[in-house]
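>>> Sequence and predicted model, in that order:
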Amino acid sequence: MRPRILKRPTLLIFQQSQSRPIHTKPQNRIYNSVRTKDDFQTLLALSTSNNIPLITFWTASWCPTCKIANPLIHEIIENPDGKYLSKGVKVGLVEVEVDAPDLGYGLGARFMIRSVPTLLAFQRDFPQIDKALSNKHDLTNRQTLIRWIEEVAKEGEKDRKRKGLFGSWFS
């Protein structure tokens, strides 16, 4: 549909079609699966520019634990009503398929991914390797996942509140 133009004295307002809701509050973002190194670098740059932690879920098509953990992680992050996560939690989630032919094995080794499934958070383009979650019992436990995601989000919130080298000149 074409946007309708409403005339008012000295100003034009473009009104969008009502078929699509406009979200004014920030929400968690779930990105499409990563299958190439370029896609991964793009999402890291996007996450860094928005100053929102990026949670990467390293998985493989043959992994049975991944098939159990994936819907659980999505359910926790997709729920915007505060059913699982505290209000104001902002994170991004992307699934990295380590057995994708275009990805190769170098990317997982670069971030010390030793097993699948693994959850690894990135804050401002830096991997939080010491906080990686790869225990299969932890990855299938809803309460452990909620605590881990909230901890990652709190670190991201601290990052957003910190002033940079130049204070608030460029923010």
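Ah, there it is.
>>> contacts, neighbours, all on C-alpha from now
Noted.
>>> Any chance of the backbone angles for Asn141?
When read as degrees, to the nearest 10, the backbone of Asn141 gives phi -100, psi 120.
>>> Tell me how many other residues surround it.
Residues near Asn141, counting by other CA atoms under 10 Å, number 13.
>>> pLDDT value on it, please?
pLDDT, Asn141: 96.
>>> The spatially most central residue of the chain: what's it in contact with?
Centroid-nearest residue in the chain: Gly92, 1.2 Å away (criterion: CA atoms, centre = their mean). By CA atoms under 8 Å, 6 or more residues apart in numbering, Gly92 lies in contact with 28-31, 47, 52-55.
>>> ok, these vs Gly82, which is closest?
Within these, distances to Gly82 taken as CA to CA reach their minimum at Asn28, with 11.6 Å.
>>> pretty sure Thr56 is in contact with Gln123, am I right?
No: the pair Thr56 and Gln123 does not pass the contact test of CA atoms under 8 Å, sitting 11.2 Å apart.
>>> Leu72 versus the residue nearest to Ala100 when sequence neighbours are not counted, what's the distance?
Nearest non-adjacent residue to Ala100, counting by CA to CA, 6 or more residues apart in numbering: Arg35, 5.6 Å away. According to CA to CA, to the nearest Å, Arg35 and Leu72 sit 21 Å apart.
>>> Same question for Asn28.
Asn28 is 15 Å from Leu72, by CA to CA.
>>> Sweet, I'm off.
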